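Asker: using only what follows, build the 3D model:
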Amino acid sequence: MEIKVLGTGCPKCKTLEKMTRDTVAELGIEASVTKEEDIMKIMEYGIMRTPGLVVDGKVVMSGRIPSVSELKELLTNK
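Answerer: Next comes the predicted model:
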């Protein structure tokens with residue numbers, strides 16, 4: 001699984017990145033988690049507000065920080 005956290009480095013973006021890494025480790029998911037901070041590349045995903053979460057090339061959430069349970073659901077129900 002390939003997971004990208006989209007965000008320019010704001011506190012919410014950093015929080016989502018940490019939550020995502022922690023959740024992947026907790027669930028034992030085999031995934032690469034990367035952070036995309038280039039605003040031009042973020043815009044290519046068509047999101048208007050960060051942070052954004054992309055799982056295997058598909059935007060699954062943007063503009064807010066999900067709850068831990070919602071994040072687990074997003075990462076396990078592709």
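
Asker: C-alpha only now, for contacts and for neighbours.
Answerer: Noted.

Asker: just the residues contacting whichever strand or helix holds Val33, thanks.
Answerer: Following DSSP states H and E, one finds Val33 within strand 32-36. By CA atoms under 8 Å, 6 or more residues apart in numbering, the list of residues contacting strand 32-36 from outside reads 1-8, 17, 20-21, 42.

Asker: and for stretch 46-54?
Answerer: Taking CA under 8 Å, 6+ apart as the criterion, the residues outside stretch 46-54 that touch it are 3-8, 12-13, 16, 59-65.

Asker: those residues: which two are farthest apart?
Answerer: Thr8 and Val60 (17.9 Å; CA to CA).

Asker: same drill for those two, tell me which one is more crowded.
Answerer: Under the neighbour definition other CA atoms under 10 Å, Thr8 and Val60 were set side by side, and Thr8 has more, 17 against 14.

Asker: name the nearest residue to the more buried one, sequence neighbours excluded.
Answerer: With CA to CA, 6 or more residues apart in numbering as the measure, Glu37 is the residue that lies nearest to Thr8, at 4.4 Å, once sequence neighbours are left out.

Asker: which intervals of the protein have sub-threshold pLDDT?
Answerer: By pLDDT under 70, the weakly predicted segments of the chain are 78.

Asker: now the spatially most central residue of it. Nearest residue, chain neighbours left out?
Answerer: Geometric centre of the chain, nearest residue: Leu53, 2.8 Å, by CA atoms, centre = their mean. Once its chain neighbours are removed from consideration, Leu53 has its nearest residue in Val5; the separation is 4.9 Å (CA to CA, 6+ apart).
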